[in-house]
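A.B. asks: Below: sequence and its predicted model.
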Amino acid sequence: MTAMKNFWLEIKHVDKKTGARYGILHTPHGDCEVPMFMPVGTLATVKTLSPEELHQMGAGTILGNTYHLSIRPGADVVAKAGGLHKFMNWDGPILTDSGGFQVFSLAENRKISEDGVEFKNHLNGDRLFFSPEVSIDIQEKLGSDIAMSFDECIPWPADYEYCKKSTERTLRWAKRGLDAHKREDQALFGIVQGGDFEDLRKMCAEELVKMDFPGYSIGGTSIGEPKDKFFEMVEYAIKYLPEDKPRYVMGIGSIDYVLGSIARGVDMFDCVLPTRLARHGALMTSHGRVNIKNEKYKEDFTPLDDKCDCYCCKFYTKAYLRHLYVCDETFGKRLLSIHNVRFLIKLVEEARVAIQEDRFEEFMDEKLAEFGDERGF
RNA sequence: GGGAGGGUAGCGAAGAGGCUAAACGCGGCAGACUGUAAAUCUGCUACCUACUGGUUUCGGCAGUUCGAAUCUGCCCCCUCCCA
């Protein structure tokens, strides 16, 4: 491909046993180490967290959402503000999702055609037409470092015929998006769909690779499928993706999915899980899951996680965090979000070290045992 | 002293003869959440329980009725208005 000057993946080390990769992702807004967990900031904010806090937590790239930002405040407003980075005061890399996930999550309010997707927007019912070209145009206006092809996130389960039809259309959309894409300071990723069918995943991956994207995502996962299906879908896709390009599994944030994906050669992943769980009082800790609202923490004056280095764990007790949660105090949600996001970022930081030392498998086993829960988070 | 309205599960509040162990809200307890329509949603919340049932309830007592939180009488409390 005509390699982008300002975007490429530099693989530094591959774990000898698993094939897990350590590297540097170069982007127009700076370098990120991979594997990397990317917090989600759908509406130009990672809910409750400031950019300064995200930097302190070690966040590399964060996400924004094309569908949501195009409704409010509107792509033109963001463009006038000088782009998403300036608008939200985030100077690191930003990845924007294309709206493809909303084809799945807002399925009751949309109609798919070859041309694109007609949404009835969830706020006031206004018609909103998304096509590959529209999604690219919006993402170019937002000015993210990494844009996503407009796809259909296929529900699970879905039958073969549906997956085939949808995946072929997603491929045509990928081509249209690629043709429409102009910004040279923005990398456009293709997204592998195909449901849980090996031949469709293979076909989709191979066709996308022919189009020569600077990076590839694996989509249509973590939408209710069982864990073994998830890993199958990742494996079906990943073996057809080029080694020198970043691989991004969309929408995963539980410990087992994250570590299991890294072991299979995934470089990037994002998830709302840590921030949403935090707002709902559920915390990932090195001793397993904690529901901070539980009565048993009422007089527990120990930190949430004694092995965590985050601001929350450094200065606050479970009793205090429970109190804030029970009283529905905003500060509690902030502290818990700080913890969960830092927890995942730190887990991946440690994974990077383990990869470089060729002991990722042991690291993974150790962590999964530590978190105790077979089911993960 | 006269008049009026009330007392229902932890709290607030429906219900006005059987379909009511009793709506709904709050509070309490527990659970879920994975490219964010999510600071949201679900379950439980008289008592016992092998979860399948069983036991005792709607201020108190006594009645009417096949059957009462709902009707009658008396009693005990509370609120408001006039003196």
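C.D. replies: It's in. Numbering: from 1, shown residues only, chains lettered A, B, ... in the order given.
A.B. asks: Relative to RNA strand B, which residue of chain A is the closest?
C.D. replies: Nearest to RNA strand B, among the residues of chain A, is residue A:153, at 2.2 Å (Cβ to the nearest atom of the strand). Yep, even glycine has a C-beta here, placed from its N, CA and C like the rest.
A.B. asks: Residues of the stretch 51-200 of chain A that sit close to RNA strand B?
C.D. replies: Residues of the stretch 51-200 of chain A found near RNA strand B (Cβ under 7 Å from any atom of the strand) are A:63, A:65, A:68, A:97-98, A:100-102, A:104-106, A:108-109, A:122-123, A:148, A:151, A:153, A:191.
A.B. asks: which stretches of the stretch 51-200 of chain A form helices?
C.D. replies: If DSSP state H, counting those that start in this stretch is used as the criterion, the helices of the stretch 51-200 of chain A fall at A:51-57, A:66-71, A:75-80, A:84-88, A:100-105, A:132-142, A:160-180, A:198-211.
A.B. asks: Just the CA trace of the fourth one, in CSV.
C.D. replies: To tie it back to what came earlier, the one meant is helix A:84-88. What follows is helix A:84-88, C-alpha atoms only, in CSV (Å, rounded to 0.1, in the frame of the first residue of the first chain):
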residue,chain,number,x,y,z
LEU,A,84,-12.6,16.8,17.7
HIS,A,85,-9.2,17.1,19.4
LYS,A,86,-9.5,20.8,20.0
PHE,A,87,-13.2,20.6,20.7
MET,A,88,-12.7,18.2,23.6
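A.B. asks: and it, how far out from the chain's middle?
C.D. replies: 19 Å (Cα atoms, centre = their mean, to the nearest Å).
A.B. asks: Enumerate every residue touching the residue of chain A closest to RNA strand B.
C.D. replies: Residue A:153 sits next to A:100, A:101, A:103, A:104, A:105, A:193, A:219, A:220, A:223 when contact means Cβ atoms under 8 Å, 6 or more residues apart in numbering.
A.B. asks: Just the buried residues of stretch A:296-309, please?
C.D. replies: A:297, A:300, A:303, A:304, A:305, A:308 (16 or more other Cβ atoms under 10 Å).
A.B. asks: Report the beta-bridge partners for the nearest residue to residue A:126 once chain neighbours are set aside.
C.D. replies: Using Cβ to Cβ, 6 or more residues apart in numbering and skipping residues adjacent in sequence, the residue nearest residue A:126 is residue A:120, 7.3 Å away. Per DSSP bridges, the residues bridged to residue A:120 are residue A:127.
A.B. asks: okay, now residue A:120: neighbour count?
C.D. replies: If you count neighbours by other Cβ atoms under 10 Å, residue A:120 ends up with 15.
A.B. asks: Could you do residue A:180 as well?
C.D. replies: Residue A:180 has 17 nearby residues by other Cβ under 10 Å.
A.B. asks: Show me the shaky parts of the stretch 251-377 of chain A.
C.D. replies: A:373-377 (pLDDT under 70).
A.B. asks: how about the residues of it that lie near RNA strand B?
C.D. replies: Counting by Cβ under 7 Å from any atom of the strand, the stretch 251-377 of chain A sits next to RNA strand B at A:251-254, A:257, A:270-273, A:275-277, A:279-282, A:289, A:291, A:293-296, A:298, A:326, A:328, A:330, A:333, A:376-377.
A.B. asks: Buried subset of the residues you listed, written for PyMOL?
C.D. replies: The following PyMOL line selects those of these that are buried, judged by 16+ other Cβ under 10 Å:
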select buried, chain A and resi 251+252+253+254+257+270+271+272+273+275+277+279+281+282+289+333+376+377
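A.B. asks: Among the residues of the stretch 251-377 of chain A next to RNA strand B, which ones are in helices?
C.D. replies: The members of these that map onto helices under DSSP state H are A:257, A:273, A:275, A:276, A:277, A:279, A:326, A:330, A:333.
A.B. asks: now those as TSV including distance to residue A:91?
C.D. replies: What follows is these, written out as TSV (distance: Cβ to Cβ, whole Å):
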residue	distance to residue A:91
A:257	29
A:273	25
A:275	20
A:276	25
A:277	27
A:279	26
A:326	37
A:330	25
A:333	25
